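Colleague: Give me the fold of what follows.
(one chain, ligands or ions: 1)
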Amino acid sequence: MNALTLPDIAAQASRQALPLEWVGMCGIALPIFFDGQRLSAKADAGVSLDDGGARGIHMSRLYLALEMLEQEHLTPALMRRVLQRFLDTHEGLSNSAHLNIHADLLLKRPALISPLSGWKNYPVSIEARLKNAMFHVELKIEIPYSSTCPCSAALSRQLIQQQFVDDFANKSLQHAEVLAWLGSTKGIVATPHSQRSNAHLKLRLDDYLDDLPLIALINDAEAALGTAVQTAVKRADEQAFALANGQNLMFCEDAVRRLNLALKRSPGINAFHLKVVHAESLHAHDAVAESRWNWEAA
Ligand SMILES: Nc1nc2c(ncn2[C@@H]2O[C@H](COP(=O)(O)OP(=O)(O)OP(=O)(O)O)[C@@H](O)[C@H]2O)c(=O)[nH]1
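Modeller: Presented below is the predicted three-dimensional model:
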């Protein structure tokens, strides 16, 4: 039998000699190992096509290199090896390689008071680049939290004061009567609005890091905000959450400043871009603030 040679279009010369910045595949299903868990991830794998005369890159070589991610714990060093494989298999064609991994990190979180706990989902992306032996990793993390409007809290307090004046004017104050009033709906005649909010962190890592500090960064950000959304909740937990919100009243500007100051102190970060989105219950639109540190557009 005569073996037919398979046509190889990618190996042909391009009609338009034009280099390309990024060619590859997006949304490749991939299991990865992180923090002892196997996560269902999606990968974007690409290289530059610097040889403008070449028709195409070799998609299958990028795809097969991703197998390296299946067995080992995900680290910057592992991603670098994958990127090096992308370049080695595209010698003469490509100078830069890109690998983005998108996954949902599931973390078990304890309740504020009760001994309960539950799972929280954090969408994360790890984006690695290798060009001229320069290797960079960026993390993207989404963190939900609660924010209570400080202006609304002050306005509510004023209404409570007004109610107190109306109910107790020209009366001698009796401790028991005031205590009962405080425990009634009149003692909280107005409540401030609060909203489920989201912090979108983009962080550039120091090059020397052995591990991806995803969990440490999430913990630092949640500690700075003070009002992480909860999982399993009993009434004691809900009360503690109400106290945390009352003690951490936040405009979006306050939230992003807190994150800025906290993440500058987090080890292993050399630049960041932060965006917080407060899905206002006062409005049908969002309140948004951004903050950068050492961050120029890549
Ligand atoms: N470059 C390129 N390849 C594509 C595209 N869409 C599908 N492919 C296919 O991806 C397949 C794998 O490409 P290669 O890695 O070059 O496959 P190959 O030539 O068998 O493998 P090598 O011998 O390693 O080059 C080919 O069948 C391509 O036709 C595209 O938009 N661009």
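Colleague: Hmm, Met217 is touching Pro267, no?
Modeller: If you look again at residue 217, you'll see it is Leu, not Met. No. Leu217 lies out of contact with Pro267 (Cβ atoms under 8 Å); the separation is 9.8 Å. C-betas here are computed from N, CA, C, even on glycine.
Colleague: how about whichever residue of the stretch 101-250 of the chain sits closest to the ligand, secondary structure?
Modeller: Nearest residue of the stretch 101-250 of the chain to the ligand: Leu130, at 19.4 Å (Cβ to the nearest ligand atom). Under DSSP: H, G, I helix; E, B strand; the rest coil, the three-state class of Leu130 is strand.
Colleague: Hmm, His90 and it touching each other?
Modeller: No. Using Cβ under 8 Å as the test, Leu130 is too far from His90 to be in contact (11.7 Å).
Colleague: Pick out whichever of Leu217 and Pro267 has more residues nearby.
Modeller: Neighbours were counted for Leu217 and for Pro267 using other Cβ atoms under 10 Å; Leu217 has more, 25 against 10.
Colleague: Neighbours of the residue of the stretch 101-250 of the chain closest to the ligand, how many?
Modeller: 22.
Colleague: quick one: pLDDT of the residue lying closest to it once chain neighbours are set aside?
Modeller: Excluding its sequence neighbours, the residue lying closest to Leu130 (Cβ to Cβ, 6 or more residues apart in numbering) is Leu83, at 3.8 Å. Model confidence at Leu83, expressed as pLDDT, equals 98.
Colleague: Enumerate every residue touching Leu83.
Modeller: Applying Cβ atoms under 8 Å, 6 or more residues apart in numbering, we find Leu83 in contact with Ala97, His98, Leu99, Ala128, Arg129, Leu130, Phe135.
Colleague: helices or strands up against the host helix or strand of the first one?
Modeller: It stands for Ala97. Using DSSP states H and E, Ala97 maps to strand 96-110. Under the contact definition 3 or more Cβ pairs under 8 Å, 6 or more residues apart in numbering; DSSP states H and E, strand 96-110 sits against strand 20-34, strand 37-49, helix 76-88, strand 117-131, helix 214-225.
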